[in-house]
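A.B. asks: kindly generate the corresponding structure for this input.
(one chain, ligands or ions: 1)
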Amino acid sequence: MEENKVGVWLIGALGSVSATVITGALAIGKGLISSKGMITSTDAFSNLGLVDVARLRFGGCDVRKGSILEAVRQGARESRAFDPELVGLIEEDVQRIQPYIQKGTNRNCGEIINTISDPACKEDAYLIETIETIRNSIRFFKQGNGVNRVVVVNLASTEPLLKFHYCHGDLDDFETALKENDVDAIRASTLYAYAALKEGCAFINFTPSNGALIPAIIQLADKQGLPIMGNDGKTGETLIKSALAPMFSCRDLKVMSWEGFNILGNRDGQVLNHPENRETKIRSKDQTLTKVLGYSPHSKVGINYVPSLGDQKTAWDFIHFKGFLGATMSLQFIWQGYDSILAAPLVLDLVRLAELAMRRGEKGVMPHLASFFKSPIGVSEYRLYEQFQMLLSYADHVRKDREKMRIVN
Ligand SMILES: NC(=O)c1ccc[n+]([C@@H]2O[C@H](COP(=O)([O-])OP(=O)(O)OC[C@H]3O[C@@H](n4cnc5c(N)ncnc54)[C@H](O)[C@@H]3O)[C@@H](O)[C@H]2O)c1
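C.D. replies: Predicted coordinates:
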């Protein structure tokens, strides 16, 4: 087993973000593209001992039928964001991943995810059996790739909100609910997070699905001595909100309304077009303004599915604010980005930082990763600049630790 190879197990491996993560990592590893967009490749994160992107090995699961090569090809074709010929240069490496893409579970994922799933996924296995199946898939991946450290990243479609269940607050109660096959207590993301931690993996929830990091799962991470973090990657409209909203406070301008309207066309958009899945996303997006401003302006976020847009996301925001002498003014912005292109480098940064945390024996929530998430768990700081300072301070701390170790040795 080579110590310096690291496993990345992607839930939703055939999806657009996963395909872009794999394409980008393999292309970086082969020296075909630069790592532009990855903050961990900048000078501020040098000398931390982060794993090389070339040392990452990929596997995962999905509920849809399909091959990883087709997903990667489709990603390049549909995003229209980069030269599709790049795929030809990494094809063989992509094919090597195929045996490690296993069937996932769509347990309690709602109607729209059932519709896109392979019918073979409609399982009625006991919860503990499903957990065992996920653990077996991770073990198979570890053995096949000779990796002993794995970061599991949830990149599956957004689930409907998981409602509060008494067992969520306590690990013992939660494990009893699993044994009693209490399916109302979980969504698929809960089972994945539980299985990943039991299998000794770090866990990142890049989705807004609130079933993944319930308090019982956070307790399990502490107990297992493993790092976790989420929720919901911050890549577009909310990223801007967290950078821009503090400006209004700095000038004592009162934000009265902040309306946002998003249109997107990929499969994520198709799933979010479904009201119960959209609610999960909107809840996750909603908190930023209140946390940053300290009050709640009138604010609504709309998400519409426009198939012809593919991976291109457009967000239009209108901000109505009041200043000196009660004068009312407004600001509007339009953000146009490729959703998966914005998300993939963040996923690679998170994998590298989670793996570093694992090696350093850090456990539980990783607050220093707040800047990557729309709803960072265990963190009350929502301002982007301050969140980024938390990451830089962590990097300094790691660097000093490494320096001390060097002197001692
Ligand atoms: N900029 C971004 O793209 C961005 C930002 C933040 C969060 N996210 C979240 O990341 C996730 C992935 O986005 P995407 O654009 O790749 O979506 P996608 O629809 O292209 O991919 C999701 C994949 O997950 C699979 N899936 C669904 N339920 C599953 C389950 N229970 N188990 C295993 N696989 C399952 C689907 O079959 C699909 O292949 C979404 O939840 C999205 O909201 C994306």
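A.B. asks: does residue 66 belong to a helix, a strand or coil?
C.D. replies: Reduced to three states with DSSP: H, G, I helix; E, B strand; the rest coil, the structure at residue 66 is coil.
A.B. asks: please verify my assumption that it contacts residue 14.
C.D. replies: Yes. Contact status for residue 66 versus residue 14: in contact at 5.0 Å, counting by C-beta atoms under 8 Å. Bear in mind the C-beta positions are built from the backbone N, C-alpha and C, glycine included.
A.B. asks: looking at these two, which one has more neighbours?
C.D. replies: residue 14 (26 against 13; other C-beta atoms under 10 Å).
A.B. asks: residues contacting that one?
C.D. replies: Listed by C-beta atoms under 8 Å, 6 or more residues apart in numbering, the contact partners of residue 14 are 62, 64, 66, 68, 71, 101.
A.B. asks: is the helix-or-strand element of the chain with minimal mean pLDDT up against the ligand anywhere?
C.D. replies: Of all helical and strand segments in the chain, the minimum by mean pLDDT, DSSP states H and E falls on helix 267-272, at a mean of 79. Yes. Counting by C-beta under 6 Å from any ligand atom, the ligand has neighbours in helix 267-272: 267, 268, 271.
A.B. asks: and stretch 154-170, by the same measure?
C.D. replies: Yes. Among the residues of stretch 154-170, 155, 156, 157, 158 lie within reach of the ligand under C-beta under 6 Å from any ligand atom.
A.B. asks: closest one of these to residue 113?
C.D. replies: For the residues of stretch 154-170 next to the ligand, the closest approach to residue 113 (C-beta to C-beta) belongs to residue 157, at 5.4 Å.
A.B. asks: for that closest one, phi and psi?
C.D. replies: The main-chain torsion angles of residue 157 are listed as degrees, to the nearest 10 and equal phi -60, psi 150.
A.B. asks: so what's it up against?
C.D. replies: For residue 157, the set of contacting residues under the criterion of C-beta under 8 Å, 6+ apart consists of 12, 15, 109, 112, 113, 116, 207, 267, 268, 271, 277.
A.B. asks: again, only this time at 6 Å
C.D. replies: Counting by C-beta atoms under 6 Å, 6 or more residues apart in numbering, residue 157 touches 113, 271.
A.B. asks: got it, and residue 40?
C.D. replies: Counting by C-beta under 6 Å, 6+ apart, the residues that residue 40 touches are 50, 349, 352.
A.B. asks: now with 7 Å, please.
C.D. replies: Taking C-beta atoms under 7 Å, 6 or more residues apart in numbering as the definition of contact, the neighbours of residue 40 are 50, 349, 352, 353.
A.B. asks: max pairwise distance over these: which two?
C.D. replies: 50 and 349 (9.1 Å).
A.B. asks: grab the nearest non-local neighbour of residue 53.
C.D. replies: residue 28 (4.6 Å; C-beta to C-beta, 6 or more residues apart in numbering).
A.B. asks: so which strand or helix has the one you found?
C.D. replies: Here residue 28 is covered by helix 16-29, with elements defined by DSSP states H and E.
A.B. asks: residue 259 now?
C.D. replies: Assigning secondary structure by DSSP H and E places residue 259 in strand 254-264.
A.B. asks: that strand: how far from the chain's middle?
C.D. replies: Counting by C-alpha atoms, centre = their mean, to the nearest Å, strand 254-264 is centred 23 Å from the centre of its parent chain.
A.B. asks: within the sheet, what are the partner strands of that strand, with directions?
C.D. replies: Here the strand partners of strand 254-264, with direction, are listed using DSSP bridges: strand 298-305 (parallel), strand 312-322 (antiparallel).
A.B. asks: deepest of those strands, which one?
C.D. replies: Highest mean neighbour count of these: strand 312-322, a mean of 19 (counted as mean count of other C-beta atoms under 10 Å).
A.B. asks: kindly report the residues of the chain close to the ligand.
C.D. replies: By C-beta under 6 Å from any ligand atom, the residues of the chain that approach the ligand are 11-12, 14-17, 61-64, 104-106, 109, 113, 116, 155-158, 188, 206-207, 232-233, 235, 266-268, 271, 339-340, 342-343.
A.B. asks: just those: which are in strands?
C.D. replies: Judged by DSSP state E, the residues of the chain next to the ligand include 11, 61, 62 as members of strands.
A.B. asks: no further queries at this time; thank you.
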